[in-house]
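In: Structure of the sequence below:
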Amino acid sequence: MDKSSTLLVHYDKGTPAVANEIKEALEGNDVEAKVDAMKKAVMLLLNGETIPQLFITIIRYVLTSEDHTIQKLLLLYLELIEKTDSKGKVLPEMILICQNLRNNLQHPNEYIRGVTLRFLCRLKETEIVEPLTPSVLQNLEHRHPFVRRNAILAIMSIYKLPQGEQLFVDAPEMIEKVLSTEQDPSAKRNAFLMLFTCAEERAVNYLLSNVDKVSDWNESLQMVVLELIRSVCKTKPSEKGKYIKIIISLLSATSSAVIYECAGTLVSLSSAPTAIRAAADTYCKLLSSQSDNNVKLILLDRLNELKTLHRDIMVELIIDVLRALSSPNLDIRRKTLDIALDLITHHNINEVVQMLKKEVVKTQSGELEKNGEYRQMLIQAIHACAVKFPEVASTVVHLLMDFLGDSNVASALDVAVFVREIIETNPKLRVSIITRLLDTFYQIRAGKVCPCALWIIGEYCLSLSEVESGISTIKQCLGELPFYSVSEESEPTETSKKIQPTSSAMVSSRKPVILADGTYATQSAASETTFSSPTVVQGSLTSGNLRALLLTGDFFLGAVVACTLTKLVLRLEEVQSSKTEVNKTVSEALLIMVSMLQLGQSPVSPHPIDNDSYERIVLCIKLLCHRNDEMKRIWLETCRQSFVKMISEKQLREMEELKAKTQTTHAQPDDLIDFFHLKSRKGMSQLELEDQVQDDLKRATGEFTKDENDANKLNRILQLTGFSDPVYAEAYVTVHHYDIALEVTVLNRTKATLQNLCLELATMGDLKLVERPQNYSLAPETSMQIKANIKVSSTETGVIFGNIVYETSNVMERNVVVLNDIHIDIMDYISPAVCSEVAFRTMWAEFEWENKVAVNTTIQNEREFLDHIIKSTNMKCLTAPSAIEGECGFLAANLYAKSVFGEDALVNVSIEKQTDGALSGYIRIRSKTQGIALSLGDKITLKQKGSS
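Out: Numbers count the residues shown, from 1 in each chain. Predicted structure coming up:
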């Protein structure tokens, strides 16, 4: 049997005290030294020492002390020492303490009486308690409430002992009388708790006879009432209607703790709309009134659970939930937005978007450091709203376009992606979005946002005026050409003067000139661009973002500019009747492209142009020089079609995920169903009727059916020893988030009694044993169950190993049976999750731990291998199915999962099919912590061959 601990004291590991030193201090007359010695004795006992030699010393020198601190420490000492022998009989010397305890229970000081009564609550030995019962009963009528409340607890503890009912035959009746006359709130609470624990019927009768007064009771008593209601409703579900009314009345209590417990009890007992609405309303009120962030997060978790089970009711409270955005904490804001986005309907979408717009505006004026991140969350939320309900896009798109030039790049990029999707899904907004984008394009300063904005300009400028404005805007933002000029020698800019070249370009006449400060400089009259060393031309003040980004070496942006200009020129050819204007624009576009190539190949650039960008710009130049209808169709139509297909696939994928979430369980055809309309409604309130209807519906749809599969339990049983070992052991492992529970069944296969049998366990990884091992005796050919609890602190494959040690009566040597290792699977801690592509890339760049696993498998199909990895690692594939369709010989996909500890696991699978049909490549795992990267890598290495 496990020994329960009743005392927990911090023990600072230092030099342990010696028993002789303690003994000397206890025999002296110094009170402070005695206190210190008693503390050391208690620490030694807590640390596993027995120190039996101190008992008589304490009886002689400590028992008689009048000091309150010493008396309190004496009771702690008596609580910890062993009071029984190996056979379970009370040690004879324990009789010595009975008289002292009786004296304490009759002591004139109420503190001594109170702590002694509290000590009796922890005594399990009937022989010690029995002579003290009359004194305990006398304390029920003591003048001081501290004594009375502890006397009630002592009676409850004694009554619960194996022969306790014989010691206090009429205890429930006595306590019921005390409950009716007692005025102290704590004593009253303890009395009601005693009735609830030992005589539930009496507690129920008292509650029902005082229904009208429950709301005026003390907070602690109301909490016990709620506990009683939960207990009664589990055993008698048919009677829960009358108790739900009590809970509803308690919702108006002044204590936040009581209100929270009421709401939780309502949700657990009833599915009636009135009850759920009252609970949700309570959570929302607490959410706005509580200032503690942890409390707010817990309340949001409760609301999230309600949203999953009772979405229709939660939809009505969406604005109340959104009020939690007033908290400056980002985690609270994120959770609030996640809940709200799942509750949006046609009826509340306008209110929600209006509120989100106000929050976006607030982020501009505030000076909080996290404003950029919060704004990004709001933009993503508005994006989600506009995708679900396109009619609201017109009210938000122009406001959000002001943030295209936001200093927070992620936020600005989200706006650009939002605008790109809205302009396709809302054709009516196209003209206003394009006009606004061209007006504000110069404000965009981020190299990641410009390509997206340029793509929108290239695809959606359709009319002549829009195309001309688009080309003009790009030219303005690029500034004057060329991007750099060549001057033969660097000259002071403030004194340089333009000299007209001589008629002969081949001859350069040089002469010294006197500058304004009196110094000499050489001036050349020949063509400076022919013989010069290059310098950057910064352009005029109006030329902005594109020029600045190109001069920093962003040639990918240069390729995007070239593609956008090409699309605009091809569209201009369709809408512009004047060939002269078209040719003029083509030549200007060609000049820009050639200038970008020159800049990329010049020493002025921070680095040379990359091959991809170079080839892309050259392709655009060739296309503008040799235009044809087929190329026009590809550039002006096919690109847009691909984008439309991507959006429709994304929407389809989201719909499928939503359907999968809303799938309900089905009842068996032979299940019994009560027909509500045939029931007697006499004396039932509206709430009770609603509750019964909901219960019947749940029974009909199979929600009451438990889906625990016994086969799954068998899979978790691990054999720890061999069949030929003298002790056979097997473990049933239960993993529940932060705890691992081991239930080890130990079977004695010998004909002898095994004494001091001990299950010794040790762990490797982030696992920690909670209890110290206990010793047991095991009779011949019998079995017993030993429980062990292990705490988990991170997502990592842990190992539990150990052995069983025992002694037999014949041989006093200790026998050891080594156990098989128990491997705790990382799959118990990670679950599939979803994140945006931008978030995935951000985390991929930030995370410092990477584990690279080479592909080594017998599977020959790329898609089949990817599906096998997804199944083996319990991860979600973020790459769209359309992106990995077809047979092209290679495949790249991103996988994502989240652990119960909130850790992110990122996986990139890159594989290629070799000529012999085998797959090669790498699987890269990245995470913030080392444990998850290594454990996931080991799992993939083990599973990737294709074995189950």
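In: Which parts of the stretch 401-550 of the chain are strands?
Out: Under the criterion DSSP state E, counting those that start in this stretch, the stretch 401-550 of the chain contains strands at 484-487, 510-514, 520-524, 533-536.
In: quick one: buried residues of the helix or strand harbouring residue 276?
Out: Using DSSP states H and E, the element containing residue 276 is helix 273-289. By neighbour count with 16 or more other Cβ atoms under 10 Å, helix 273-289 contains the buried residues 273-287. Every residue, glycine included, has its C-beta placed from N, CA and C.
In: ok, so of the residues you listed, who is nearest residue 828?
Out: Nearest to residue 828 among the buried residues of helix 273-289, counting by Cβ to Cβ, is residue 283 at 30.3 Å.
In: right, and that closest one touches residue 305 too?
Out: No. Using Cβ atoms under 8 Å, residue 283 is not in contact with residue 305, being 9.9 Å away.
In: Go through the helix or strand residue 592 falls within and flag the buried ones.
Out: Assigned by DSSP H and E, residue 592 belongs to helix 579-601. Neighbour counts using 16+ other Cβ under 10 Å place 582, 585-586, 589-590, 592-593, 595-600 of helix 579-601 among the buried residues.
In: between those residues, which is nearest residue 801?
Out: Using Cβ to Cβ, the buried residues of helix 579-601 come closest to residue 801 at residue 600, 61.5 Å.
In: so what pLDDT did that closest one get?
Out: On the pLDDT scale, residue 600 is placed at 89.
In: show me the contacts for the closest residue to it other than its chain neighbours.
Out: Excluding its sequence neighbours, the residue lying closest to residue 600 (Cβ to Cβ, 6 or more residues apart in numbering) is residue 609, at 2.7 Å. Residues near residue 609 by Cβ atoms under 8 Å, 6 or more residues apart in numbering: 555, 558, 597, 599-601.
In: do residue 429 as well
Out: Going by Cβ under 8 Å, 6+ apart, residue 429 touches 393-394, 397, 422-423.
In: likewise residue 830?
Out: Counting by Cβ under 8 Å, 6+ apart, residue 830 touches 795, 873-875, 897-900, 905, 932, 936.
In: Between which two of these is the distance greatest?
Out: The largest separation in those, counting by Cβ to Cβ, is between 873 and 900 at 15.5 Å.
In: returning to what we had before: the residue nearest to residue 600 and residue 556, how far apart?
Out: Distance, residue 609 to residue 556, by Cβ to Cβ, to the nearest Å: 10 Å.
In: Tell me how many other residues crowd the closest residue in space to residue 443 that isn't next to it in sequence.
Out: Nearest non-adjacent residue to residue 443, counting by Cβ to Cβ, 6+ apart: residue 405, 3.2 Å away. Using other Cβ atoms under 10 Å as the criterion, residue 405 is surrounded by 17 other residues.
In: The one 4 residues further on now?
Out: Taking other Cβ under 10 Å as the neighbour definition, residue 409 ends up with a count of 15.
In: How about the one 10 residues further on?
Out: If you count neighbours by other Cβ under 10 Å, residue 419 ends up with 26.
In: Look up phi and psi at the residue lying closest to residue 470 once chain neighbours are set aside.
Out: Spatial nearest neighbour of residue 470, chain neighbours left out: residue 461 (4.3 Å); criterion: Cβ to Cβ, 6+ apart. Residue 461 adopts backbone torsions of phi -80, psi 110, taken as degrees, to the nearest 10.
In: low-scoring stretches of the protein, by residue?
Out: The chain contains residues with pLDDT under 70 at 1-17, 366-369, 486-544, 660-713, 715, 737, 794-797, 810-812, 946-948.
In: and stretch 721-733, how far out from the chain's middle?
Out: On the basis of Cα atoms, centre = their mean, to the nearest Å, stretch 721-733 sits 38 Å off its chain's mean C-alpha point.
In: re the thing from before, filter the contacts of residue 429 down to the buried ones and hand me the ChimeraX line.
Out: Applying 16+ other Cβ under 10 Å to the contacts of residue 429, the buried members can be selected in ChimeraX as follows:
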select :393,397,422,423
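In: Any chance of the contacts of residue 429 in TSV with distance to residue 29 as columns?
Out: Formatted as TSV, those follow (distance: Cβ to Cβ, whole Å):
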residue	distance to residue 29
393	87
394	90
397	87
422	88
423	92
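In: ok, which pair from the contacts of residue 429 is furthest apart?
Out: Spatially, the most separated pair among the contacts of residue 429 is 394 and 423, at 11.6 Å (Cβ to Cβ).
In: just to revisit the earlier point, the more surrounded of residue 873 and residue 900?
Out: Comparing residue 873 with residue 900 by other Cβ under 10 Å, the one with more neighbours is residue 873, at 23 against 15.
In: what kind of secondary structure is residue 893 in?
Out: Three-state assignment for residue 893 (DSSP: H, G, I helix; E, B strand; the rest coil): strand.
In: cool, residue 728 as well?
Out: In three-state terms, and counting by three-state DSSP, residue 728 is strand.
In: Next, count neighbours for it.
Out: Residue 728 has 19 neighbours, counted by other Cβ under 10 Å.
In: mind listing what it touches?
Out: Here residue 728 is in contact with 721-722, 746-747, 749 (Cβ under 8 Å, 6+ apart).
In: swap the cut-off to 10 Å and go again
Out: 719-722, 745-749, 783, 804, 817 (Cβ atoms under 10 Å, 6 or more residues apart in numbering).
In: Please apply the same query to residue 35.
Out: By Cβ under 10 Å, 6+ apart, the residues touching residue 35 are 25, 65, 67, 69-70, 72-73.
In: Between which two of those residues is the distance greatest?
Out: Farthest pair in the contacts of residue 35, by Cβ to Cβ: 25 and 72, 17.2 Å.
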